[in-house]
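[1] model the structure of this input:
(chains A, B and C)
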Amino acid sequence: MQVKQLHPWPGSVAEAQALQDRLRGQVELTGPTDFRLVAGLDVHYRGDELTAAVVVLDPGAPEPVEQVVVEGRVAFPYVPGLFAFRELPALVEALERLTVTPDLLVCDGYGLAHPRGFGLACHLGVLTGVPALGVGKTPFVGTYETPGPERGDWSPIVHEGAVVGRALRTRPGVKPVYVSQGHRISLDTATGQTLRLASRYRLPEPIRHADHLARHPA
DNA sequence: GCGACAG
DNA sequence: ATCTTGTCGC
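    Below is the predicted model of the structure:
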């Protein structure tokens, strides 16, 4: 698929933050409500080396539509809030190698629920123009009440007075996941898709597939 | 000022 | 993220 050219690479924390502040203005918080091809993205680390995996699913179909694995190196030190810069080059390359264009990107991490409102899911969404959402496994920014115990129960994540995401229970009695908008998607739709894609396990199927592929490359 | 902080 | 065993439960 076509991906916008990767911007000049930031050489410092300040440059990376400035880039996020600039790109944040391009995020759109509304978009389609139905999606056919859904891509899951994840990265596996081994020291400074990494493996990025993208798996495209057609929910309901027994087999993935397409899978891509890219080997690379960590592209930025780990700084909370700048996490995206570590794996962006490898993920972008993997997306470029796809022969199909997904209708939705399901990212492992956060989107709007981020210190500057521009997490990995926003970044990938803006670079591709494709609707994107982020699913985090642990809390990051903001405060929230523990959601009810049933699948589908959720509570808003509030950061600096604004709702930036939701703590969502995808499995009864299992700790929630943290959903936020990436690009071209509403919070209701992001929540609905996360729930739809995580019917059997806590995490959405596309992310589970990508995680497995990144750990055990074919 | 100090601690906490997606993966 | 990663270093790491067994164990409880569906």
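
[2] near DNA strand C, which residues of chain A?
    Within chain A, the positions adjacent to DNA strand C are A:44, A:45, A:46, A:137, A:215 by Cβ under 7 Å from any atom of the strand. Backbone N, C-alpha and C define where each C-beta goes, glycine included.

[3] now do the SS call for the first one.
    With DSSP: H, G, I helix; E, B strand; the rest coil as the basis, the three-state label of residue A:44 is strand.

[4] excluding residues flanking it in the chain, which one is nearest it?
    Once flanking residues are discounted, residue A:44 sits nearest to residue A:214: 3.8 Å by Cβ to Cβ, 6 or more residues apart in numbering.

[5] tell me the mean pLDDT over the helix or strand hosting that neighbour?
    In this assignment (DSSP states H and E), residue A:214 forms part of helix A:205-215. What helix A:205-215 shows for mean pLDDT is 95.

[6] residues contacting it, please?
    With contact meaning Cβ atoms under 8 Å, 6 or more residues apart in numbering, helix A:205-215 is reached by A:38-44, A:51-55, A:57, A:59, A:64, A:67, A:69, A:106, A:108, A:135, A:197-199, A:201, A:203.

[7] mind listing what's buried in the lengthiest helix in chain A?
    As assigned by DSSP state H, the longest helix anywhere in chain A is helix A:84-96. Buried residues in helix A:84-96, counted by 16 or more other Cβ atoms under 10 Å: A:84, A:85, A:86, A:87, A:88, A:89, A:90, A:91, A:92, A:93, A:94, A:95.

[8] same question for stretch A:21-31.
    Judged by neighbour count (16+ other Cβ under 10 Å), stretch A:21-31 contains these buried residues: A:23, A:24, A:27, A:28, A:31.

[9] next: stretch A:72-80.
    Residues A:72, A:74, A:75, A:76 are the ones in stretch A:72-80 that count as buried (16+ other Cβ under 10 Å).
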